[in-house]
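Visitor: Need coordinates for the following:
(4 chains, ligands or ions: 4)
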Number of protein chains: 2
Amino acid sequence: MALNESKTSADRFQQMLDKLKSLDFRITPQRLAVLRILAASEDHPSAEQIFEKVRIEFPTTSLATIYKTIVLLKGLNEVLELGFPDGCNRYDGNRPFPHPHVICTGCGKIMDAELKSLDGLKEEIHKKTGFRIQHHRLDFFGLCQECQETM
Amino acid sequence: MALNESKTSADRFQQMLDKLKSLDFRITPQRLAVLRILAASEDHPSAEQIFEKVRIEFPTTSLATIYKTIVLLKGLNEVLELGFPDGCNRYDGNRPFPHPHVICTGCGKIMDAELKSLDGLKEEIHKKTGFRIQHHRLDFFGLCQECQETM
DNA sequence: TCTTTATGGATAATAGTTATCTTTTAGTAA
DNA sequence: TTACTAAAAGATAACTATTATCCATAAAGA
Ligand SMILES: [Mn+2]
Ligand SMILES: [Mn+2]
Ligand SMILES: [Zn+2]
Ligand SMILES: [Zn+2]
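Guide: Ligands and ions are numbered 1, 2, ... in the order given. Model (predicted):
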């Protein structure tokens, strides 16, 4: 399989679990639940949304546990955080590396986007600015097809 | 002058002032100070940094006034807000339209970057997703040349 | 100068996230 | 299986950039 290609939910779950085990982090039911949700989600859920799903299975779970698990996975590069200044941050557990997103300003939907012509930009930036680029963030804001019809 | 080309500080100041006057907003000393600072700055200052500069001239100025002026200018598309989830937002009064930035993860410096190959991306995204794109945000994170030498 | 009302100044409120502290439990070895 | 211990969970306080509120002030026009 090519690098950065999308994997199945089960693949990603196992990948994250293996990473935790290999680094001797404890495997708790709460962590497993967060891992399952992140691996399965396609819609870039918020911490609150993850929290609500975990609570269905484990009603005593604390929101702090969700945040602590997210911080842990971020540090292991197993989840991509899409931070927003207003409103809440969103998370991508399927593709935990920088990639373009399209964000609907109507309904808040966030989708992945492929862009072939993005590859050369890092090098172009390095040559012009001298920066050693570590990562990037590319968001397109607009109206999704559903919101175009209703607005 | 070509569209989106950089203007002198005086040009931008006058442009913002004309916009406020044409819409019958009141011209106050505090607003003039914020306009001057935004028009002259090349370093994407934070609200706090603008506040400190305004206070040199008008020591009784409130931070709320800075924020209210920024909100006003944002609504008139006369300043570009670079929102960050952690830490404070930064503002560009010289180029109040979306454009790429390089951000130093060492010292926090934010610089403008030119990218010719960015032009076609919006159309490519529209064709693939059906979104009607309104604006975008492109950030490259890395180490500036100074920070590369000291880290 | 007078009047009107937008704006300034001071401060309270907001909200997502993080820190703190106590209790519980996962992992391990006897 | 049981006991031990460090790590993680749960509850809640703290944090902080920004926004809202409210009254005082002053810009703009007559
Ligand atoms: Mn994504
Ligand atoms: Mn800029
Ligand atoms: Zn939508
Ligand atoms: Zn730097």
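Visitor: Quick check: closest non-adjacent residue to the residue of chain A found nearest DNA strand C.
Guide: Nearest residue of chain A to DNA strand C: A:Asn89, at 3.0 Å (CB to the nearest atom of the strand). (Glycine included, C-beta is placed from N, CA and C.) Computed as CB to CB, 6 or more residues apart in numbering or on different chains, the closest residue to A:Asn89 that is not its neighbour in sequence is A:Gly83, at 4.8 Å.
Visitor: do you know how far that neighbour is from B:Ile56?
Guide: In this view, A:Gly83 and B:Ile56 are 32 Å apart by CB to CB, to the nearest Å.
Visitor: And for A:Tyr91, the neighbour number?
Guide: Counted with other CB atoms under 10 Å in any protein chain shown, residues neighbouring A:Tyr91 total 26.
Visitor: Can you tell me the element it falls in?
Guide: Under the criterion of DSSP states H and E, A:Tyr91 resides in strand A:90-92.
Visitor: How about A:Asn77: what's its closest non-neighbour residue?
Guide: Using CB to CB, 6+ apart, the nearest residue to A:Asn77 is A:Pro96, at 5.8 Å.
Visitor: So the one you found is in contact with A:Leu80, correct?
Guide: Yes - with contacts counted by CB atoms under 8 Å, A:Pro96 reaches A:Leu80, the gap being 4.8 Å.
Visitor: Tell me who's in contact with the closest residue to ligand 1 within chain A.
Guide: Taking CB to the ion, ligand 1 has its nearest neighbour within chain A at A:Asp92, 3.7 Å off. Applying CB atoms under 8 Å, 6 or more residues apart in numbering or on different chains to A:Asp92 gives the contacts A:His44, A:Val79, A:Leu80, A:Leu82, A:Asp112.
Visitor: any chance of those in a markdown table, with distance to A:Glu149 too?
Guide: Shown next, in a markdown table, are the contacts of A:Asp92 (distance: CB to CB, whole Å):
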| residue | distance to A:Glu149 |
| --- | --- |
| A:His44 | 22 |
| A:Val79 | 33 |
| A:Leu80 | 30 |
| A:Leu82 | 26 |
| A:Asp112 | 22 |
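Visitor: what stretches of chain A score poorly on pLDDT?
Guide: In the predicted model, chain A carries pLDDT under 70 at residues A:1-6.
Visitor: Domain-wise, how is it divided?
Guide: Listed by automatic domain parsing, the domain ranges of chain A are A:9-92, A:101-149.
Visitor: Report whether the helix or strand following the strand holding A:Tyr91 contacts ligand 1.
Guide: Once the chain leaves strand A:90-92, the next helix or strand it forms, by DSSP H and E, is strand A:101-104. No - Strand A:101-104 is not in contact with ligand 1 by CB under 5 Å from the ion; minimum separation 5.6 Å.
Visitor: Summarise which helices and strands whichever helix or strand comes after strand A:101-104 is packed against.
Guide: Downstream of strand A:101-104, the first helix or strand assigned by DSSP H and E is strand A:110-112. Applying 3 or more CB pairs under 8 Å, 6 or more residues apart in numbering or on different chains; DSSP states H and E, one finds that strand A:110-112 contacts strand A:101-104.
Visitor: Doesn't A:Glu42 belong to a strand?
Guide: No - counting by DSSP: H, G, I helix; E, B strand; the rest coil, A:Glu42 is not found in a strand; it is coil.
Visitor: show me what contacts it?
Guide: A:Asn94.
Visitor: can you list contacts of the longest strand belonging to chain A?
Guide: Of all segments of type strand in chain A, defined using DSSP state E, the longest is strand A:132-143. Residues from elsewhere that reach strand A:132-143 (CB under 8 Å, 6+ apart): A:82, A:98-106, A:113, A:115, A:118, A:121-122, A:125-126, A:151, B:102, B:105, B:121-122, B:125, B:131-143, B:148.
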